[in-house]
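Q: For reference, the sequence and a predicted model appear below.
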Amino acid sequence: MTRVDWASHPAVRKIDIRKLSVLMALINQSEGKSFSEMIPSIIEANKHLTAMGLAFTNDEIKLIFDVMKKDMSEEEMQQFNKLRSLMNLPTWL
């Protein structure tokens, strides 16, 4: 599965399209940026979701990260772990 294909994963398609839209925008904005450069975009995406009265459930977050982790490089995994720590996500992600 390529990085572009993760959004087509059958389980991911069950997530509200509005949530996925915000997530895809975040991914597009973050392309080529370091983790520290991504933080403002992550905060902005979270504010956007909140303004729409939406939030990812723990199960949705786990699913998205499980699907995305399959194609991550070592550097991306390190950034993922930083993000997980910043967001206080459980270690099982």
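A: In hand now; what should we look at?
Q: what stretches of this protein score poorly on pLDDT?
A: Applying pLDDT under 70 to the chain flags the ranges 1-6, 35, 68, 71, 87-93.
Q: do that again at 50, thanks
A: 1-2, 93 (pLDDT under 50).
Q: Select the longest helix from it.
A: Ranked by residue count and defined by DSSP state H, the top helix of the chain is helix 35-51.
Q: Just the buried residues of stretch 56-70, please?
A: Buried positions in stretch 56-70, judged by neighbour count with 16 or more other CB atoms under 10 Å: 56, 60-61, 63-65, 67-68. In this view, the C-beta of every residue, glycine as well, is placed from N, C-alpha and C.
Q: mind checking how far it is from the chain centre?
A: 7 Å (CA atoms, centre = their mean, to the nearest Å).
Q: Only C-alpha atoms, please: export that stretch in CSV.
A: Provided in CSV are the C-alpha atoms of stretch 56-70 (Å, rounded to 0.1, in the frame of the first residue of the first chain):
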residue,chain,number,x,y,z
PHE,A,56,-11.5,11.6,16.2
THR,A,57,-12.4,8.7,18.5
ASN,A,58,-9.6,6.7,20.0
ASP,A,59,-10.5,3.8,17.7
GLU,A,60,-10.4,6.1,14.6
ILE,A,61,-7.0,7.4,15.7
LYS,A,62,-5.7,3.9,16.2
LEU,A,63,-7.0,2.8,12.8
ILE,A,64,-5.5,5.7,10.9
PHE,A,65,-2.1,5.3,12.6
ASP,A,66,-2.2,1.5,12.1
VAL,A,67,-2.8,1.9,8.4
MET,A,68,-0.3,4.8,7.9
LYS,A,69,2.5,3.2,10.0
LYS,A,70,2.8,0.3,7.4
